[in-house]
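Undergrad: Quick one, what's the 3D model for this:
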Amino acid sequence: MEKIPAKAVSHPVCTADIRISSQGGEKMDRNLSRYLVYSAVWGFLILAVCFPSYGGTPPFLVKGPWTTASAESIVISFELAQPTRGVVEYRAVGTGRNSSVPFEAGEGVYHLAVGELRPGSTYAYQIEFASGERTPLGYFSTPPRDFTSFTFLVYGDTRTFYARHRVVATRMAKETAAFVIHTGDLVTSPVQKEWKAFFSSGRELLLSKLFFPVLGNHERNHFSYYRLFQLPGAGGKKGKQWWSFRWGDVLFVGLDSNTRYLGFTGLREETRWLKETLSQEARFKFVFFHHPLFSSDPHYGGNEGLAALWHPVFVRNAVTAVFCGHVHAYEHIVRDGIHYFTTGGGGAPMYSLGEPVEGTVYAAAGLLHYLRVSVEEDAVQVEMVPVAEVPLGEEEGEIKELDGEPLEIFRIETDVPAGVP
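TA: Numbers count the residues shown, from 1 in each chain. As a prediction, this is how the structure comes out:
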């Protein structure tokens, strides 16, 4: 197996890329559920022996690790405070063979490839540094070659109250899901102190699942966001201001809704790309961005300009659901058959809501929460999972944890488009 070392691409950032092999993919997809159940016992016993545990955090590890992916690549990322070399070890759960990728000493953010991977599989990984210290065991999933049922999680607005974010992220880490999508406002301000607070409070979640964010207004289109996250390629700044990827034959689209930073030219370019991307054939189509088009939040009230521009595109291309943040509450609104979910319960100060707007299905304020989205062959189920009650307003106050029983369970039944297997 070819081992691809990390290479410096700009200042202290290191990167490498890989291809996910398609050999054996069809068989793996058909037997994924059986494979995961079978490997749950043997795989984790093997991992416990082959990957020594390490409970602490190496003092020179500033952030991470965390992982992201596109249809063709998996990247493990972390940030170091001092020149340190080491190796990333990884294996498919349920197998007995380790692979590894070495990295050279260097400060800053590393983005490391992990070698050729099998589609539709779960992998464990661990980073060992030259000092002998190791990170805790982490996990990531690879996209299946064709459709297979899966679950992903959505949440947003984790800024300001990072103790709250820790509660939400720790609960989410226990979920069985392929990946997480964050709807923006990860931090209050894009400075090192805030980023460290985000990664520290979200550590368990980021270790356990692939992570895909979109830009919020509090990221300010800052270089630090692009430095930290290796996102699926598409367009805009650094080629990742907006992005898309496929999980099997399901399409995921991430947008930048910050018109202040986009400007007229950027918004026009993004919208042109959006139309082209959504015209692709897919079993389901999901779209993610920060600012909701429709909302009952009194101080925001939705974005009429973007609604006029993007809502017709969503309708014309039969988008299954749209997920946003910005409003620190939960709302589910349906317009012209498009389901709009606002999930701003990741830890930020909570907002009250006004009178329900047209198309409101469900709304709730004062709850830390996330969404569990289960994708089946001909339906999508969205569950709003409450994590804790918190007071409204700018004071952090007491966190009253809840049992996690979903407050809304909504199924979107759909006909599979012609030509989709």
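Undergrad: Contact partners for Tyr300?
TA: 292, 326-327 (CB atoms under 8 Å, 6 or more residues apart in numbering). C-betas here are computed from N, CA, C, even on glycine.
Undergrad: mind running it again at 6 Å?
TA: Applying CB atoms under 6 Å, 6 or more residues apart in numbering, we find Tyr300 in contact with Val327.
Undergrad: mind pulling up the phi and psi values for it?
TA: phi -120, psi -60 (degrees, to the nearest 10).
Undergrad: can you pull the pLDDT of it?
TA: We have a pLDDT of 89 for Tyr300.
Undergrad: what pLDDT, on average, does the helix or strand that Val167 is a member of get?
TA: Here Val167 sits within helix 162-173, counting by DSSP states H and E. When pLDDT is averaged along helix 162-173, the result is 99.
Undergrad: Can you list the strands that the helix or strand that it is followed by pairs with?
TA: Counting by DSSP H and E, the next helix or strand C-terminal to helix 162-173 is strand 179-182. Strand 179-182 has these partner strands in its sheet, going by DSSP bridges: strand 150-155 (parallel), strand 210-213 (parallel).
Undergrad: Tell me the first helix or strand C-terminal of strand 179-182.
TA: Using DSSP H and E, the first helix or strand after strand 179-182 is helix 192-201.
Undergrad: For that next one, the averaged confidence score.
TA: On average, helix 192-201 scores 99.
Undergrad: what's the answer for stretch 281-295, then?
TA: Stretch 281-295 comes out at a mean pLDDT of 98.
Undergrad: next one: it to chain centre, how far?
TA: Between the centre of stretch 281-295 and the centre of its host chain there is 14 Å, according to CA atoms, centre = their mean, to the nearest Å.
Undergrad: buried stuff in it?
TA: Judged by neighbour count using 16 or more other CB atoms under 10 Å, the buried positions of stretch 281-295 are 282-295.
Undergrad: Quick check: end-to-end length of that stretch?
TA: 30 Å (CA to CA, to the nearest Å).
Undergrad: can you put the buried residues of stretch 281-295 in TSV and add distance to His369 and secondary structure?
TA: Shown next, in TSV, are the buried residues of stretch 281-295 (distance: CB to CB, whole Å; DSSP: H, G, I helix; E, B strand; the rest coil):
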residue	distance to His369	secondary structure
Ala282	27	coil
Arg283	27	coil
Phe284	22	coil
Lys285	24	strand
Phe286	18	strand
Val287	20	strand
Phe288	16	strand
Phe289	19	coil
His290	17	coil
His291	19	coil
Pro292	15	coil
Leu293	20	coil
Phe294	19	coil
Ser295	16	coil
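Undergrad: Among the strands paired with strand 179-182, which comes closest to Tyr370?
TA: strand 150-155 (3.9 Å; CB to CB).
Undergrad: residues in contact with that closest one?
TA: Contacts of strand 150-155 (CB under 6 Å, 6+ apart): 172, 175, 177-181, 323, 343, 346, 370-375.
Undergrad: how far does that strand sit from the chain's center?
TA: 8 Å.
Undergrad: Kindly report the same for stretch 299-314.
TA: 23 Å.
Undergrad: in that stretch, what counts as buried?
TA: 302-303, 306-307, 309-311, 314.
Undergrad: Equivalent analysis for stretch 195-205, please.
TA: Within stretch 195-205, the residues scored as buried using 16+ other CB under 10 Å are 195, 197-199, 201-205.
Undergrad: And for Ala169, the neighbour number?
TA: 25 (other CB atoms under 10 Å).
Undergrad: In contact with Leu407, which residues are there?
TA: Applying CB under 6 Å, 6+ apart, the residues near Leu407 are 384, 386.
Undergrad: change it to 10 Å
TA: Neighbouring residues of Leu407 by CB atoms under 10 Å, 6 or more residues apart in numbering: 330, 362, 364, 367, 369, 383-386.
Undergrad: just for the protein, where's the confidence low?
TA: Along the chain, the model assigns pLDDT under 70 to residues 1-57, 70-72, 115, 416-421.
Undergrad: repeat that with 90
TA: 1-59, 69-73, 83, 94-98, 106-107, 113-116, 233-234, 299-301, 414-421 (pLDDT under 90).
Undergrad: Show me the longest strand that occurs in it.
TA: strand 379-389 (DSSP state E).
Undergrad: Could you list the buried residues of stretch 83-101?
TA: 84, 86, 88-94, 99-101.
Undergrad: Now for Gln82, how many residues are close by?
TA: Residues near Gln82, counting by other CB under 10 Å: 11.
Undergrad: That one against Ala130, yeah?
TA: No. Gln82 is beyond contact range of Ala130, at 11.1 Å (criterion: CB atoms under 10 Å).
Undergrad: Overlap in contacts, the two.
TA: Ala105.
Undergrad: Partner strands of the longest strand of the chain and their direction?
TA: Checking strand 379-389 against DSSP bridges gives partners strand 367-375 (antiparallel), strand 400-401 (antiparallel), strand 408-413 (antiparallel).
Undergrad: So what touches the second one?
TA: Judged by CB under 10 Å, 6+ apart, the contacts made with strand 400-401 from elsewhere in the structure are 167, 171, 368, 386-391.
Undergrad: Out of these, give me the one that has the most neighbours.
TA: Ranked by the number of neighbours (other CB under 10 Å), the contacts of strand 400-401 place Leu368 first, at 29 neighbours.
Undergrad: what's the farthest-apart pair in the contacts of strand 150-155?
TA: Gly346 and Val375, at 21.7 Å, using CB to CB across those.
Undergrad: out of these two, which sits in the more crowded spot?
TA: Gly346 (31 against 21).
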